[in-house]
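> Have a look at this prediction, sequence included:
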Amino acid sequence: MNRLSSNWCVTLSSRSIRNIIRFVSERAKTILIAIMVLSIILLLSGVLFVLINRAPFMVGVGPRGASFIYPYSTTFQTSAEALALAIALALAVIGYYALTEATSKVSDNRLANIIYVSGLVLFMLGIIIVLMIVNIKVGRIF
């Protein structure tokens, strides 16, 4: 009985492993593209710079309170800045995907319009956040 139950467990685990390998191989291109996009977002947002230089989360407390964005310096970045940029770039990528791909995969016109408008809003919100942070860093806003 013990030998029978162990064979069943091996068969179950090998079947599970085969299913996992089949799932990954069928979606290898999608997984690779997602990994590449995520790594590009992390590099563009400055997460690597923040990890290497051990940047603080916020910058000094002034009359307006603590600042999450280090103004007037394009060579220094806080952790909150990197997080905000990563989120903004991810919003722009998700919005772009919704604009280009998601609407063509939906057959209902009303749902396609909702996805299109929400994708446009996400894309614009991501780009506006990135531009706002860049303008604060350059010194045009603040």
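That came in fine, so what should we check first?
> Run through the residues that contact Y97.
G119 (C-beta atoms under 8 Å, 6 or more residues apart in numbering). All C-beta atoms are positioned from the backbone trio N, CA, C, and that covers glycine.
> Helix or strand: which one has it?
Assigned by DSSP states H and E, Y97 belongs to helix 79-100.
> Can I get that helix as CSV, trimmed to CA atoms?
Provided in CSV are the C-alpha atoms of helix 79-100 (Å, rounded to 0.1, in the frame of the first residue of the first chain):
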residue,chain,number,x,y,z
SER,A,79,13.4,56.3,-3.4
ALA,A,80,9.9,57.8,-3.5
GLU,A,81,10.8,59.4,-6.8
ALA,A,82,11.9,56.1,-8.3
LEU,A,83,8.7,54.4,-7.0
ALA,A,84,6.5,57.2,-8.4
LEU,A,85,8.3,57.0,-11.8
ALA,A,86,8.0,53.2,-11.9
ILE,A,87,4.3,53.4,-11.2
ALA,A,88,3.8,56.2,-13.7
LEU,A,89,5.7,54.2,-16.4
ALA,A,90,3.7,51.1,-15.6
LEU,A,91,0.5,53.0,-16.0
ALA,A,92,1.6,54.3,-19.3
VAL,A,93,2.5,50.8,-20.5
ILE,A,94,-0.8,49.4,-19.3
GLY,A,95,-2.7,52.2,-20.9
TYR,A,96,-0.8,51.8,-24.2
TYR,A,97,-1.6,48.1,-24.2
ALA,A,98,-5.2,48.8,-23.6
LEU,A,99,-5.3,51.3,-26.4
THR,A,100,-3.6,49.0,-29.0
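> List the buried residues of that helix.
Residues of helix 79-100 classed as buried by neighbour count (16 or more other C-beta atoms under 10 Å): 79-86, 88-96, 98-99.
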